[in-house]
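[1] coords below, sequence missing:
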């Protein structure tokens, strides 16, 4: 749930297809946008556990009056990846397919190939590059704003970026451009090699990357830190994420060894239960840092939303193949059409 949702869902998506329900990511149900959407559409509760239970999902589809009807699932984060084959088998209507909008979601679907329905993604589209860079810019902006609220200056810290994907790459570059010593870790050797080629200190081990950093920005979307990972942080470290806490961290594990102290709403202190004095701070309690200040990135968001609409249209028209060996993407011509329309309206 971001400000654009209140435009995209009712003013665009609901005109292309009938929106039967909007399932907000769990950490966004307290946002004002949720209330606006909930006033217009059913909003069943979303959780990873529910989405992974095909019988529960099919039961909800039937409650929504979708029996014997065609359905498209618009996913943000791979929620239906582990259950989509069984959902398609159990449902008495037809699953036209899934449109996945995020990189971490793509990885989850790829881990479950082959899939018996079409899955199309915009996550790796060149049209998403402007959004990724602007998200990274807003993440750094919000981190700095929170630190200034604590009478700290961003440049007094050394940084580690965990995950050198498209957002992580931009976060690392922005931090370095601000004069902050920045190291990078990624489990993918190809991405790590790229980071090194771009002049970053690239670490092959997570503990080496974060052990000396006083600011850690996590951009994997795939549980970058669990109890062991949090234990690698140096005392006083500030940790931030570019995505939701349930995707990026195993916060449940912290209850076994840390006390949670709310310094302010978006600056949470976790300190060890034992008398070591060791502690770290979690910005926005682990959720996307840029959400603190609205996550508004301007017209660039409409560029990728346009591609999402085009991808969903392809699913509805039956033009997307089954996801047997890979997920589908729009071709260059289709993306060019989206870009031309965006230029006409916004330039």
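    Perfect, I can see it now. What you see is a predicted model; the values in this text were computed from it and never measured.

[2] For the closest residue to residue 337 other than its chain neighbours, give me its contacts.
    Spatial nearest neighbour of residue 337, chain neighbours left out: residue 310 (7.4 Å); criterion: Cβ to Cβ, 6 or more residues apart in numbering. All C-beta atoms are positioned from the backbone trio N, CA, C, and that covers glycine. In this structure, residue 310 makes contact with 330, 334, 337, 338, judged by Cβ atoms under 8 Å, 6 or more residues apart in numbering.

[3] Tell me the bridge partners for residue 94.
    Taking DSSP bridges as the rule, residue 94 bridges to residue 70.

[4] ok so, going back, ranking the contacts of residue 310 by neighbours, who comes first?
    residue 338 (23 neighbours; other Cβ atoms under 10 Å).

[5] coming back round to it: biggest separation within the contacts of residue 310, which pair?
    Farthest apart among those by Cβ to Cβ are 330 and 337. That separation is 9.1 Å.

[6] Most distant residue from the centre of this protein?
    residue 275 (35.7 Å; Cα atoms, centre = their mean).

[7] In a strand, it, correct?
    No. If the criterion is DSSP: H, G, I helix; E, B strand; the rest coil, then residue 275 is coil and not within a strand.

[8] For it, give its distance to residue 268.
    Separation of residue 275 from residue 268 (Cβ to Cβ, to the nearest Å) stands at 21 Å.

[9] just residue 342 next, same as before
    Taking Cβ to Cβ as the measure, residue 342 falls 38 Å from residue 268.

[10] Residue 62 too?
    40 Å.

[11] Those two: which is more packed in?
    Taking other Cβ under 10 Å, residue 62 and residue 268 do not tie; residue 268 has more neighbours (19 against 14).

[12] which element is that one on?
    Per DSSP states H and E, residue 268 falls inside strand 267-272.

[13] so what does the very next helix or strand once past that strand touch, helix or strand wise?
    As assigned by DSSP H and E, the chain's next helix or strand after strand 267-272 is strand 279-283. Secondary-structure packing of strand 279-283 (3 or more Cβ pairs under 8 Å, 6 or more residues apart in numbering; DSSP states H and E): helix 129-149, strand 237-241, strand 267-272.

[14] Name the surrounding residues that touch strand 279-283.
    142-143, 146, 230, 233, 235-241, 263, 266-272, 289, 292.

[15] Narrow these to just the buried residues.
    Buried residues within those, counting neighbours by 16 or more other Cβ atoms under 10 Å: 142-143, 146, 230, 233, 237-241, 266-268, 270-272, 289, 292.

[16] which one is residue 62 nearest to, not counting chain neighbours?
    residue 92 (7.9 Å).

[17] Hmm, the one you found is touching residue 66, no?
    No. Assessed by Cβ atoms under 8 Å, residue 92 is found out of contact with residue 66, at 9.3 Å.

[18] who has more neighbours, the two?
    Ranked by neighbour count (other Cβ under 10 Å), residue 92 and residue 66 place residue 66 first, with 18 against 11.

[19] and that one, what helix or strand is that in?
    Per DSSP H and E, there is no helix or strand for residue 66.

[20] you'd agree it is up against residue 94?
    No. Counting by Cβ under 8 Å, residue 66 does not reach residue 94; the two are 10.2 Å apart.

[21] need the contact list for the closest residue to residue 111 other than its chain neighbours.
    The shortest distance from residue 111 to any non-neighbouring residue, by Cβ to Cβ, 6+ apart, is to residue 81 (7.0 Å). If you count contacts by Cβ under 8 Å, 6+ apart, residue 81 has them with 75, 105, 108, 109, 111, 112.

[22] Any idea how far apart the tips of stretch 225-244 sit?
    With Cα to Cα, to the nearest Å as the measure, stretch 225-244 spans 13 Å from end to end.

[23] quick one: residue 85 from residue 19, how far?
    Computed as Cβ to Cβ, the residue 85 to residue 19 distance reads 24 Å.

[24] Next: residue 6.
    13 Å.

[25] what's the answer for residue 293, then?
    28 Å.

[26] Sketch out the low-pLDDT regions of the stretch 201-347 of the chain for me.
    295-296 (pLDDT under 70).

[27] So for the nearest residue to residue 88 once chain neighbours are set aside, what's the pLDDT?
    Of all residues not flanking residue 88 in the chain, residue 95 sits nearest, at 4.5 Å (Cβ to Cβ, 6+ apart). For residue 95, the model assigns a pLDDT of 97.

[28] show me the contacts for residue 95.
    70, 71, 72, 73, 84, 87, 88, 117 are the contacts of residue 95 under Cβ under 8 Å, 6+ apart.

[29] Then residue 45?
    Here residue 45 is in contact with residue 23 (Cβ under 8 Å, 6+ apart).
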